[in-house]
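**Q** Next come a sequence and a model predicted from it.
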Amino acid sequence: MSEVNRNVPYLSIKDLVVEYMSDGQVVHAVNGVSLKLDRGTTLGLVGETGAGKTTIAKSILRILPDVGAKITGGKVELDGKDLLQLPEREMQQIRGNEISMIFQDPMTALNPVQRVGDQIAEVVALHLEPGSKTNPMERAKEMLEIVGIPGERYYDYPHQFSGGMKQRVVIAIALACNPNLLLADEPTTALDVTIQAQVLDLIGDLRKQFNTAMLLITHDMGVVAQVCDTVAIIYAGSIVEYGTKEQIFDHPSHPYTIGLFGAIPDMNEDEIWLHPIEGLPPDPTNLPKGCPFSPRCKYATEECRQGVVPVSETPDGHQCRCCHMEEVRKEREA
Amino acid sequence: MATPVIEVQHLKKYFPTPRGMLHAVDDVTFTIEKGKTLGVVGESGCGKSTLGRTIIHLHESTEGKIFLNGKDVTRLAGKNLKAAREKMQIVFQDPYSSLDPRKTIDSTVREPLVVSGRYSKKEIDEKTESLMELVGIDERLRMAYPHELDGGRRQRVGIARALALEPEFIVCDEPVSALDVSIQAQVLNLLKKLQMEKGLTYMFVTHDMSVVRHISDDICVMYLGQVVEKCSSKELFQKPMHPYTKALLSAIPSTDIHNPMKREILKGEITSPVNPKPGCRFAARCPHATEACLQPQRQEEVSPGHFVTCCRVHEVN
């Protein structure tokens, strides 16, 4: 393991740009995203379908599809080392070992014709250090126990498990090599709330035990509130607001963030009408000039449509990309 | 009191499986008054969708009775069933798979009007147009195919299709689960608006507690095919009585970051609904379970309009 450099964040994404080619058109999936993550902390990446959340996670692991997807700019630094410049062989050592990913859908992430235990042991065997005494099968059984599944179920197939148990197997695979960074892509979206609570507790316990950093992709503000330390709100491939959980939940400053909070039915108030964000997210092949949210934003003026809106940052590090931030904040606090 | 639009008595729906009888819906009873919404909540596999589909005859019920406006519609067939179905419609969960990919939006909405055989060509044209307007589909999209629309618009098409024959009762089967929150709010507002304008009666099936609280007048909580608690929406969230309801409510991640709720984490998972044992089906996961819970349970009215099926309800609360 490399030395911990106190000044450099563990993971640092700088101005990441990712494009897809689709029907001869360029899809602008990620447009200059910068994020930081320290060891042992959790960053929530929140946004709607198609905002670019999963693309960011896949860019970190460099598992974007070979055909059609391209990282056209930026850096992904892990402990100061740019992953985008590494030879594929070195990258293979990092995947599953240093960084691993929990995929969204436990129904499709597992191989249906392989025993679940073997699927865990495979990861362990692949990343065995030369001369290591670890027995992959023993380790796989241990991992099953850790996620609350009896070790003797090693020999079962995925169809013999319920959805919640399958997701726990997927978590066991992701954690089998004690990664330092976990990319969790909507790990509980496919699960029922009582099972979601179990799984979130489990991930939390394991992270505490191993001091794992986590990038949590979700669209559920409740999950963010329970789990994350910092939060980034992403819209049409750009981070529109970024800060600590307290900053985002107590002082949301971007009209989109405020709109997201407003659209959730309030559990403590009775109101006949909800407050949706009118309109739809923009077409990623044809993004509006300037702020991507401006076509749906009630504060939008000519200034917003001129060019790229710069990020403003408060002294305590709360970032927001909005020309009318002061006005929006004042109106919200009032 | 006026006749309820929908009344269900001791409704059962069993499916034969190689391992035995699957009790998807087991002895469910309720009524829904005109213009009201009954929310049905529960986790995947608890039978809430099957319940909705059985009521509108997409499944043949195994036992029990279904009344529409006081008329027994349990065993209807042929012409009578077709007539009853015009009054009972459904909006499906997944707007991606519930629309015919090879039909334009216009012909999907038009189809029920044509099938009914009650309207002239001119009337059908007029009705189709007003339906599109009602649910907010732009003129330019009427000849589009489903794949050209986003999820929210597709769901609007699903709603227009369900409304075509002016039904009185609509089963909304997780109609917003596949949508992003900002779009979800648009569709929920549309459903509410239609209900107020047309006096529609809804059964709203969902697993999302904040959505069900927002839209429902009364709520049934289901667990493994049975209703474990039933009362007004307000009462359910203020005074949940059944141990399962309590656990379900406490598992919702709260957006209040300063008051982390005390969560009751349940052990285990939903057991199989195939050949269930006679006692309380939640007993295996229930922190309060005793010997008595292995006996068949009885529904009790603990306060006016608040029904709980739990033998330990008084001790637990």
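**A** Cool, got the structure.
**Q** in the stretch 101-250 of chain B, what spans have low per-residue confidence?
**A** For the stretch 101-250 of chain B, no stretch has pLDDT under 70.
**Q** what about the helices in it?
**A** Here the stretch 101-250 of chain B has its helices, by DSSP state H, counting those that start in this stretch, at B:105-116, B:121-135, B:151-163, B:181-198, B:209-215, B:233-238, B:243-250.
**Q** how about these in JSON lines, adding mean neighbour count and distance to B:Thr309?
**A** Glycine gets a C-beta too; all of them are placed from N, C-alpha and C. Compiled in JSON lines, these are given as follows (neighbours: other C-beta atoms under 10 Å in any protein chain shown; distance: least, C-beta to C-beta, whole Å):
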{"stretch": "helix B:105-116", "mean neighbour count": "19", "distance to B:Thr309": "38"}
{"stretch": "helix B:121-135", "mean neighbour count": "15", "distance to B:Thr309": "38"}
{"stretch": "helix B:151-163", "mean neighbour count": "24", "distance to B:Thr309": "32"}
{"stretch": "helix B:181-198", "mean neighbour count": "20", "distance to B:Thr309": "29"}
{"stretch": "helix B:209-215", "mean neighbour count": "22", "distance to B:Thr309": "19"}
{"stretch": "helix B:233-238", "mean neighbour count": "17", "distance to B:Thr309": "14"}
{"stretch": "helix B:243-250", "mean neighbour count": "22", "distance to B:Thr309": "10"}
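**Q** So what's the residue count around B:Asn80?
**A** Neighbour count of B:Asn80, defined by other C-beta atoms under 10 Å in any protein chain shown: 12.
**Q** Contact partners for it?
**A** With contacts defined as C-beta atoms under 8 Å, 6 or more residues apart in numbering or on different chains, B:Asn80 has no neighbours.
**Q** Distance to chain A for the helices of the stretch 101-250 of chain B - can I get that in TSV?
**A** Putting the helices of the stretch 101-250 of chain B into TSV (distance: least, C-beta to the nearest C-beta, whole Å) gives the following:
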stretch	distance to chain A
helix B:105-116	16
helix B:121-135	15
helix B:151-163	7
helix B:181-198	3
helix B:209-215	4
helix B:233-238	7
helix B:243-250	6
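**Q** tell me the centre residue of the chain?
**A** Unless you meant another one, I'm taking chain A. A:Ile217 (3.0 Å; C-alpha atoms, centre = their mean).
**Q** sorry, should have said chain B
**A** Centre-most residue of chain B, counting by C-alpha atoms, centre = their mean: B:Val205, 2.6 Å.
**Q** Show me what it is bridged to.
**A** Taking DSSP bridges as the rule, B:Val205 bridges to B:Val40, B:Asp173.
**Q** any idea how far it is from B:Ile183?
**A** 19 Å (C-beta to C-beta, to the nearest Å).
**Q** one step back: quick one, which of the helices of the stretch 101-250 of chain B gets closest to A:His318.
**A** Closest of the helices of the stretch 101-250 of chain B to A:His318 is helix B:181-198, at 22.6 Å (criterion: C-beta to C-beta).
**Q** Kindly export that closest one (C-alpha atoms) in CSV.
**A** In CSV, the C-alpha atoms belonging to helix B:181-198 read as follows (Å, rounded to 0.1, in the frame of the first residue of the first chain):
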residue,chain,number,x,y,z
VAL,B,181,-38.6,12.4,-8.2
SER,B,182,-39.1,15.7,-10.2
ILE,B,183,-41.2,13.8,-12.8
GLN,B,184,-42.9,11.7,-10.1
ALA,B,185,-44.3,14.9,-8.6
GLN,B,186,-45.7,15.9,-12.0
VAL,B,187,-47.6,12.6,-12.4
LEU,B,188,-48.9,12.5,-8.9
ASN,B,189,-50.3,16.0,-9.3
LEU,B,190,-51.9,14.9,-12.6
LEU,B,191,-53.6,11.9,-10.9
LYS,B,192,-54.8,14.1,-8.1
LYS,B,193,-56.2,16.7,-10.5
LEU,B,194,-58.1,14.0,-12.5
GLN,B,195,-59.5,12.6,-9.3
MET,B,196,-60.9,16.0,-8.2
GLU,B,197,-62.3,16.8,-11.6
LYS,B,198,-63.9,13.5,-12.4
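**Q** Need the contact partners of it.
**A** A:48, A:219, A:259-260, A:263-265, A:272-278, A:280, B:35, B:37, B:134-136, B:150-152, B:155-156, B:159, B:163, B:166, B:172, B:175-176, B:179, B:200, B:202, B:211, B:214-215.
**Q** Any of the residues you listed buried? List them.
**A** A:48, A:219, A:259-260, A:263-265, A:274-277, A:280, B:37, B:134-135, B:151-152, B:155-156, B:159, B:163, B:172, B:175-176, B:179, B:200, B:202, B:211, B:214-215 (16 or more other C-beta atoms under 10 Å in any protein chain shown).
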